[in-house]
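Novice: Okay, predicted coordinates and the sequence, questions at the end:
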Amino acid sequence: GQQLNQSPQSMFIQEGEDVSMNCTSSSIFNTWLWYKQDPGEGPVLLIALYKAGELTSNGRLTAQFGITRKDSFLNISASIPSDVGIYFCAGQLWGAQKLVFGQGTRLTINP
Amino acid sequence: EPEVTQTPSHQVTQMGQEVILRCVPISNHLYFYWYRQILGQKVEFLVSFYNNEISEKSEIFDDQFSVERPDGSNFTLKIRSTKLEDSAMYFCASSERYGYTFGSGTRLTVV
């Protein structure tokens, strides 16, 4: 089945640092999404990408959809304590409704 | 902002018992989903539901599981004869064509 390989698995950074994480796949996706999950909560959509090469920002977050539609990165600039959580990439294949999730990146911020 | 509501937030059940997890999707959404997340792992697709029938299901969604939209607002997941390995967070989600919204989840513990 389709798999998204997300890295790194975890990150430990200082407050104020920039963060970068990425996902790759052997499959071509129609849509690529980035979610954040806080403990005990459901995933919350951060950024949605629909076009190959698309670069989209949401405040301090920036994400890009790879030209081949097989990869994406998420950057967080000037991290703050509330950025702590697990970040998931998720892809949606052409003609399908289900999402395929990556394994997640756990972000920890030292004050 | 519209929400997907899930009840209960926690459910503890004995092995072999049946459980029903309930969801109220966003009212104008047409697609409904169930996902699960075993503790510490990624979010996995179970089933999608559109036009009053299952549109796609994963290999996890076997005869033990069923979904129903009993009225115009609720969407339920029934798990028959629960097993220990069914312990997980179960997330309901809904969407128009794009743009999933997830609920906060039901934590199911099978003892």
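Specialist: On my side now, so go ahead. Numbering: from 1, shown residues only, chains lettered A, B, ... in the order given.
Novice: C-alpha from now on. contacts and neighbour counts both.
Specialist: Fine.
Novice: At which residues are the strands of chain B located?
Specialist: The residue ranges that make up the strands of chain B, judged by DSSP state E, are B:5-7, B:10-13, B:19-24, B:31-37, B:44-50, B:53-57, B:65-68, B:75-79, B:88-95, B:101-102, B:106-110.
Novice: Can you name the residue of chain B nearest to chain A?
Specialist: Ranked by Cα to the nearest Cα, the top residue of chain B for proximity to chain A is residue B:104, at 4.3 Å.
Novice: Would you point out which residue is most central in chain B?
Specialist: Chain B has residue B:34 as the residue nearest its centroid, 3.5 Å off, counting by Cα atoms, centre = their mean.
Novice: picking that back up, would CSV of the strands of chain B with mean pLDDT and distance to chain A be doable?
Specialist: Formatted as CSV, the entries for these read as follows, by pLDDT from 0 to 100; distance: least, Cα to the nearest Cα, whole Å:
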stretch, mean pLDDT, distance to chain A
strand B:5-7, 96, 10
strand B:10-13, 97, 10
strand B:19-24, 97, 13
strand B:31-37, 96, 8
strand B:44-50, 95, 7
strand B:53-57, 94, 8
strand B:65-68, 96, 16
strand B:75-79, 97, 17
strand B:88-95, 96, 7
strand B:101-102, 92, 6
strand B:106-110, 97, 8
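Novice: before we move on, the earlier item: tell me the contacts of the residue of chain B closest to chain A?
Specialist: Shown in contact with residue B:104 (Cα atoms under 8 Å, 6 or more residues apart in numbering or on different chains): A:40-43, B:4-6, B:9, B:91.
Novice: what does residue A:47 give?
Specialist: A:33-35, A:56-58, A:63.
Novice: ditto for residue B:94
Specialist: Residue B:94 makes contact with B:4, B:25-26, B:29-33, B:100-102 under the criterion Cα under 8 Å, 6+ apart.
Novice: got it, and residue B:34?
Specialist: For residue B:34, the residues meeting the contact criterion (Cα under 8 Å, 6+ apart) are B:45-48, B:77, B:90-93.
Novice: Just the CA atoms of stretch B:97-105, as PDB, please.
Specialist: Coordinates of each C-alpha in stretch B:97-105 appear next as PDB, following Å, rounded to 0.1, in the frame of the first residue of the first chain:
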ATOM      1  CA  ARG B  97     -14.700  17.200  -1.400                       C
ATOM      2  CA  TYR B  98     -11.500  18.500   0.200                       C
ATOM      3  CA  GLY B  99     -10.600  19.800   3.600                       C
ATOM      4  CA  TYR B 100     -11.000  17.200   6.300                       C
ATOM      5  CA  THR B 101     -12.100  18.200   9.800                       C
ATOM      6  CA  PHE B 102     -11.300  15.700  12.500                       C
ATOM      7  CA  GLY B 103     -13.100  15.300  15.800                       C
ATOM      8  CA  SER B 104     -11.200  15.100  19.100                       C
ATOM      9  CA  GLY B 105     -11.500  11.400  19.200                       C
END
